[in-house]
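Undergrad: any chance you can model this:
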Amino acid sequence: MGLPNLDNYSRKPPGLGRTAGLWDASFFGLMNNALPISIWMTLSGLAWFPGGNLLLASIITFLLVLFGYSLVWGILGGSMPRSGGSYVYNSRILHPMLGMIISFWNGAFIMLAWICVLAPWFWQIGMPLVLGALAGGEVVSTPLSSGWGLYLGTSLVNISAFLMVLGGMKNYFSVQRVLVWISLVAITVVGIIFARTSQHDFVALWDSFAAQRGGLTFTELIDHAAAEMGGIPRGWNWRSTLGLMLPVSWGLIYGYVVIFIGGEVKNPRVNILRSQVLTTVISGFFMIWIGLEYSRMLGWEGMHAVAWMAEKGIAAVEIPIHLHYISIASFLTGFERYLGLLLGISFLASNWLWVVFSYIAWSRAAMAWGKDRIAPGWFTKLSGNKEQPVLLLVAMLVVSQLALIYFIIYSEVRHSLSVGVMQLLSVFAFTALGCLVFPFLKKMRPIWNLSPYRRWKLAGIPMATLAGAVSLVLTGLLLAAFFLNDEFEELHLWWVIINIIVWVAGGLWYTIWKKIQFHRGLDVRKSFTEMPPE
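TA: Residues are numbered from 1 along each chain as shown. Prediction:
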C-alpha cells in the first residue's frame with residue numbers, strides 16, 4: 001500500500017472540521033507561548049544565570065527559532081496536514097515505535113504534567129497578582145492558595161478547562177481570541193510603563209514607597225542580594241548568556257502546538273507555516289522589547305538583585321512590593337485598580353489557556369494513535385453535540401484530578417522547568433532530526449514530492465534540512481543550559497529517570513497493541529505506509 005496522493009491526505013476530515021483560520025492558528029501558538037507568564041520566567045532567569053546578557057540571549061534565541069523550529073513545524077505540518085502532533089511526522093519519517101514513544105511522552109505524560117503544574121499557579125501566583133493590585137500592593141492570600149483549599153481551587157480550574165474543550169473548537173477559538181488579545185494589550189501596557197520610567201524615577205518611587213511601607217531601599221536591596229549571591233557580576237559573559245536562552249525560549253518555542261490541530265486548520269498547507277512565523281515574530285518582538293525596557297529601568301545590578309531576591313531570598317528581608325514584573329508595573333502606576341486588574345487577568349488567562357490546551361493536545365494525539373490502530377477503538381470516537389472525543393477528555397480529567405493531589409503536596413515552581421527541558425529532549429530534537437532527513441528518505445518521497453516546500457532550497461540544500469539542522473543546534477544549547485548548570489543538579493537525575501520510564505511505557509504500548517492487532521489479523525505496519533484518516 002503506497003502513500004496517498006495529495007487529495008487523499010488533504011481532504012476535509014469528518015467530525016474534526018477545519019474551523020481554524022490563519023489568525024486562530026496564530027493565536028493558538030501565541031496562547032501557548034503565553035507571554036505574560038513567559039516574560040516572568042525569563043526575567044527570573046538571571047537568578048539562575050547571573051551575568052547573562054538578556055538582550056543578546058533574546059535575539060539569538062529568536063533568530064534560531066525563526067529559522068529553525070518555526071520552519072520545521074511549518075514544513076512538516078504543511079506537508080502532512082493531520083491533527084495529532086509530532087506523532088504523525090515521526091511515526092512516518094523515523095519509525096512507528098519511536099513516533100509512539102515521543103507522542104506517549106508529549107501527548108500523554110507531558111500534558112498531564114502541565115495540568116498538574118499550571119492549575120495550581122492560577123491560585124499561587126496569578127490570583128495574588130490580581131488581589132495585590134486591588135489591595136494597593138499588599139500580598140493577599142486566599143483559602144484556595146494552599147493545602148486542600150488549593151486542591152479545590154485547582155479542581156475548579158481543571159474542570160472548567162475540560163468543559164471548555166467539551167464545548168467544541170469553534171467556541172474555544174472565540175474565547176481564545178478574547179483572552180489572547182487581553183494578554184497582548186496587557187503586555188503592551190507593561191512595555192509602555194517601563195519605557196516611560198527612567199532608572200532614576202524608578203529608584204525614587206521605590207525608596208518613597210519603602211519609607212511608607214517599611215522594607216529595604218533599592219540600594220539596600222542590591223547590597224543585600226549581592227552579599228547573598230556572592231557578588232553581582234560586573235559585566236556579561238557568554239556562558240550565562242547562552243544559559244539564559246533556556247528561559248527566553250519558553251516565550252518563543254512553544255508556538256509549535258498548532259501541529260496538534262493541523263487537520264483542523266483551514267488551508268493547512270500554507271497557514272500552518274504562516275502561523276508559525278507570525279507567532280514567532282510577534283512573541284519575539286514583545287520578549288525583546290519588554291526585556292530591553294525592564295533592564296534599562298532597573299539597571300544591571302538592580303535587575304540581578306530583583307531576580308535573585310524573587311527566586312531565592314525574599315523570605316529573609318522585608319520588600320515593599322511583590323517582585324513580579326506585573327506587580328512592579330502596577331506599582332509604577334500607583335496601583336491603579338483597573339490597570340492592575342487588566343495585568344493580573346492577563347496572567348490568569350494565559351495560565352488557564354495552558355490547562356485547556358493540555359486537553360486539546362492529549363485528545364488529538366490519542367485519536368491519531370487510534371486511527372493507526374495502536375489504541376482502543378473508542379480513542380477515535382467523537383460524540384456530544386460538538387463532536388469532541390468525550391471519552392478521551394473524561395479520561396484525562398479523572399487522571400489529572402488524581403495526579404493533582406501529588407502536586408498539591410509537593411508544589412514546586414521548578415517542576416515546570418524540568419518538564420519543559422525533557423520536552424526538548426524527547427520531542428523537539430527528534431522532530432528536528434526527522435525534518436532534516438525528510439527530503440532524502442525513499443519511503444517519504446511521495447509526500448515530499450507533493451509538499452509545497454519541496455522547491456525551497458538554499459545553495460541547493462532543502463530548507464527542511466537546514467531548518468532541522470538549525471533547530472538541533474538550538475536544542476543542544478538549551479539542553480546544555482540545563483544539564484551544565486549546578487542550579488538544576490537536583491533535578492537532572494530524577495527527570496532523566498522519569499523520561500526513561502515514560503519512554504519504556506510508550507514502547508510497551510506500541511508493542512502490546514501491535515501484537516493485539518496481529519492476533520486480530522491486522523498488520524499495523526501498513527498503517528504507517530499511508531497518512532492516518534481524519
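
Undergrad: any buried residues in stretch 460-472, and which?
TA: Within stretch 460-472, the residues that count as buried by 16 or more other CB atoms under 10 Å are 462-472. For every residue, glycine as well, the C-beta is placed using N, CA and C.

Undergrad: ok, and what's touching the helix or strand harbouring T431?
TA: Secondary structure from DSSP states H and E places T431 in helix 429-437. Helix 429-437 is contacted from outside by 68-69, 72-73, 75-76, 86, 89-90, 93-94, 98, 102, 464-465, 467-469, 471-472, 475, 479, using CB atoms under 8 Å, 6 or more residues apart in numbering.

Undergrad: C-terminal to it, what's the next element?
TA: Sequence-wise, the next helix or strand downstream of helix 429-437 (DSSP H and E) is helix 445-450.

Undergrad: what's around the residue lying closest to S451 once chain neighbours are set aside, how many residues?
TA: Closest residue to S451 apart from its sequence neighbours, by CB to CB, 6 or more residues apart in numbering: S79 at 3.9 Å. By other CB atoms under 10 Å, the residues close to S79 number 26.

Undergrad: now do L391
TA: L391: 15 neighbours (other CB under 10 Å).

Undergrad: can you pull the contacts of it?
TA: By CB under 8 Å, 6+ apart, L391 lies in contact with 378-379, 381, 383.

Undergrad: among those residues, which ones are buried?
TA: For the contacts of L391, buried by 16+ other CB under 10 Å: F379.

Undergrad: quick one, helices of the stretch 51-200 of the chain?
TA: Under the criterion DSSP state H, counting those that start in this stretch, the stretch 51-200 of the chain contains helices at 54-66, 69-79, 86-93, 96-103, 110-121, 127-134, 147-166, 169-195, 199-213.

Undergrad: the last one vs helix 169-195, what angle?
TA: Right, helix 199-213. Interaxial angle of helix 199-213 relative to helix 169-195 (axes from the mean of the first three to the mean of the last three CA atoms, to 10 degrees): 100 degrees.

Undergrad: what mean pLDDT does helix 199-213 get?
TA: Across helix 199-213, pLDDT averages out at 93.

Undergrad: from the chain's centroid, how far away is the following helix or strand past it?
TA: Going down the chain from helix 199-213, the next helix or strand is helix 218-228, by DSSP H and E. Distance, stretch centre to chain centre, for helix 218-228: 33 Å (CA atoms, centre = their mean, to the nearest Å).

Undergrad: same check on stretch 437-446?
TA: Offset of stretch 437-446 from its chain centre (CA atoms, centre = their mean): 30 Å.

Undergrad: ok, now stretch 214-232?
TA: Relative to the centre of its chain, stretch 214-232 is centred 32 Å away, using CA atoms, centre = their mean.

Undergrad: what residues sit buried inside it?
TA: For stretch 214-232, burial by neighbour count (16+ other CB under 10 Å) applies to 215-218, 221-222, 224-225, 229, 232.

Undergrad: can you check stretch 49-63 too?
TA: When neighbours are counted by 16+ other CB under 10 Å, the buried residues of stretch 49-63 are found to be 49-54, 56-62.

Undergrad: and those, which is closest to W362?
TA: T61 (27.7 Å; CB to CB).

Undergrad: hang on, that closest one packs against M245?
TA: Yes. Counting by CB atoms under 8 Å, T61 touches M245, with 4.7 Å between them.

Undergrad: which residues do the two both contact?
TA: Contacts common to T61 and M245, judged by CB under 8 Å, 6+ apart, are L474.

Undergrad: and of the helices of the stretch 51-200 of the chain, who's closest to I409?
TA: helix 147-166 (9.3 Å).

Undergrad: elements contacting the closest one?
TA: Here helix 147-166 touches helix 110-121, helix 169-195, helix 337-371, helix 390-409, going by 3 or more CB pairs under 8 Å, 6 or more residues apart in numbering; DSSP states H and E.

Undergrad: name the helices or strands packed onto the shortest one?
TA: Okay, so that is helix 110-121. Partner elements for helix 110-121 (3+ CB pairs under 8 Å, 6+ apart): helix 147-166, helix 337-371, helix 390-409, helix 415-423.

Undergrad: same check on the second one?
TA: Using 3+ CB pairs under 8 Å, 6+ apart, the elements in contact with helix 169-195 are helix 22-33, helix 35-44, helix 147-166, helix 268-308, helix 325-332, helix 337-371.

Undergrad: still on that earlier bit, okay, the buried residues of stretch 49-63 in a markdown table with distance to I326 next?
TA: Shown next, in a markdown table, are the buried residues of stretch 49-63 (distance: CB to CB, whole Å):
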| residue | distance to I326 |
| --- | --- |
| F49 | 22 |
| P50 | 23 |
| G51 | 25 |
| G52 | 21 |
| N53 | 24 |
| L54 | 18 |
| L56 | 25 |
| A57 | 21 |
| S58 | 19 |
| I59 | 24 |
| I60 | 26 |
| T61 | 22 |
| F62 | 22 |
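
Undergrad: quick one, what contacts P120?
TA: P120 neighbours (CB under 8 Å, 6+ apart): 150, 153-154, 404, 407-408, 411.

Undergrad: what's the closest non-adjacent residue to it?
TA: The spatial neighbour of P120 that comes closest, neighbours along the chain excluded (CB to CB, 6+ apart), is T154 at 5.2 Å.

Undergrad: so for G137, what pLDDT did the model give?
TA: pLDDT recorded at G137 is 64.

Undergrad: what about G17, how many residues nearby?
TA: Neighbourhood size, G17 [other CB under 10 Å]: 16.

Undergrad: do the same with T279
TA: With other CB under 10 Å as criterion, T279 counts 29.

Undergrad: tell me which two of the contacts of L391 sit farthest apart.
TA: Farthest apart among the contacts of L391 - using CB to CB - are F379 and S383, which lie 12.3 Å from each other.

Undergrad: for the protein, what helix or strand is lowest in average pLDDT?
TA: Of all helical and strand segments in the chain, the minimum by mean pLDDT, DSSP states H and E falls on helix 6-9, at a mean of 36.

Undergrad: surely the residue nearest to S451 and N449 touch.
TA: No. In this structure, S79 is not within contact of N449 by CB under 8 Å, at 10.1 Å.
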